[in-house]
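In: okay, here's the prediction I keep looking at, along with the sequence it came from:
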Amino acid sequence: MHHDIEDLRRFYYQRSLGRVVQRILRDRLVERWPAAATNGMNVAGFGFAAPMLRPYLATARRVTALMPGPQGVMAWPAGMANHSVLCDETAWPIETGSIDRLVLLHGLETSDHPAALLAEAWRVLGPGGRMIVMAPNRAGLWAASDRTPFGLGRSYTVGQLDTQMRRAGFQREWYAPAVYIPPSDRRFWLGSAQMWERTGKKISRMLIAGVVMIELTKQSRTPAGRGVKVQVPNPLDILDGVGIPRPGRAPVAQSGVVDREPGER
């Protein structure tokens, strides 16, 4: 089951609880990735990450809000040139290795193919690129409530996210819980949200946080370990037969230009 763009828009832009959650998550994101530090970078978000990306519009070289087809798309940001794109969740219209910072919000937990989605995220991130995933905390109250977007789809523990990310070629650099207030529209909780966030940072109790945030870096997929053998050619084998034509080899053109198959180097 996927989110509906209208439900997400109403929650984050019209509902008081959604606006509080938007501010909490965006503040935590900017603490980790200050807007000034993204000067000249390419920043993207997938799912419904648009509310998180606004601070980077003034500094980043390019900001793109990728929204999956089953969810739907909306023009964003309001009153400015459009930065949102409707796309397949496993085939983004982004050049390989061109993204410096990537945010996933409401994209992973409802994906039909989470492994392929993370492979696409790995593809678009460039050297030194970083990704922050925001997902429902399995042990929190928000994952158990269907009155917010965090109650739809899969929920995660930090360990489950960590395992899934390592399998996709990412390494965890940092994680933090967020959104300590219950999923309630009562004024008491909305008015005291920032106080609960400050308290939650100090006690770091994942059992009461609604969202798990995890920062990851892209790792090289070069095979390594005890089971990997490295073949080192013998110098005698390299020199063996120099100057002696071997049967079955194609003749070399006199001009020195070798005819190759398309794509062969």
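Out: Looks like it arrived, so ask away. Residues are numbered from 1 along each chain as shown.

In: end to end, how far does stretch 28-42 reach?
Out: In stretch 28-42, first residue to last residue: 20 Å (C-alpha to C-alpha, to the nearest Å).

In: need the next SSE after the helix or strand harbouring Trp174, C-terminal direction.
Out: Using DSSP states H and E, Trp174 falls within strand 170-178. Counting by DSSP H and E, the next helix or strand C-terminal to strand 170-178 is helix 187-191.

In: coming back round to it: what packs against the strand holding Trp174?
Out: The criterion is 3 or more C-beta pairs under 8 Å, 6 or more residues apart in numbering; DSSP states H and E, and the helices and strands that strand 170-178 contacts are helix 16-32, strand 125-136, helix 158-167, helix 193-203, strand 211-218. C-beta here means a position set from N, CA and C on the backbone, and glycine is covered the same way.

In: any idea of the mean pLDDT for the first one?
Out: Just to be clear, that refers to helix 16-32. Helix 16-32 shows an average pLDDT of 96 in the prediction.

In: and for the shortest one?
Out: Strand 211-218 carries an average pLDDT of 96.

In: contacting residues around the closest residue to Val85 other than its chain neighbours?
Out: Leaving aside its sequence neighbours, Val85 sits nearest to Leu66 (C-beta to C-beta, 6 or more residues apart in numbering; 5.5 Å). Contacts here follow C-beta atoms under 8 Å, 6 or more residues apart in numbering; on that basis Leu66 touches 44-47, 49, 84-85, 87, 92, 94.

In: Leu66 is in what secondary structure piece?
Out: Assigned by DSSP H and E, Leu66 falls in strand 62-68.

In: partner strands of that strand and their direction?
Out: Applying DSSP bridges, strand 62-68 is found paired with strand 42-47 (parallel), strand 84-87 (parallel).

In: make a markdown table out of those and add mean pLDDT and distance to Glu31.
Out: A markdown table is the format used below for the strands paired with strand 62-68 (pLDDT from 0 to 100; distance: least, C-beta to C-beta, whole Å):
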| stretch | mean pLDDT | distance to Glu31 |
| --- | --- | --- |
| strand 42-47 | 98 | 16 |
| strand 84-87 | 97 | 25 |
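
In: pipe those strands into CSV and attach distance to Leu102 and mean neighbour count per row.
Out: Converted to CSV, these look like this (distance: least, C-beta to C-beta, whole Å; neighbours: other C-beta atoms under 10 Å):
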stretch, distance to Leu102, mean neighbour count
strand 42-47, 5, 27
strand 84-87, 14, 17
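
In: could you dump the ones you listed to a markdown table with distance to Tyr13?
Out: Listed next are the strands paired with strand 62-68 as a markdown table, based on distance: least, C-beta to C-beta, whole Å:
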| stretch | distance to Tyr13 |
| --- | --- |
| strand 42-47 | 16 |
| strand 84-87 | 14 |
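
In: between those strands, which one is closest to Arg101.
Out: The minimum distance between Arg101 and those falls on strand 42-47, with 4.6 Å, by C-beta to C-beta.

In: how far off helix 16-32 does that closest one point, in degrees?
Out: Orientation of strand 42-47 against helix 16-32 (axes from the mean of the first three to the mean of the last three C-alpha atoms, to 10 degrees) gives an angle of 150 degrees.
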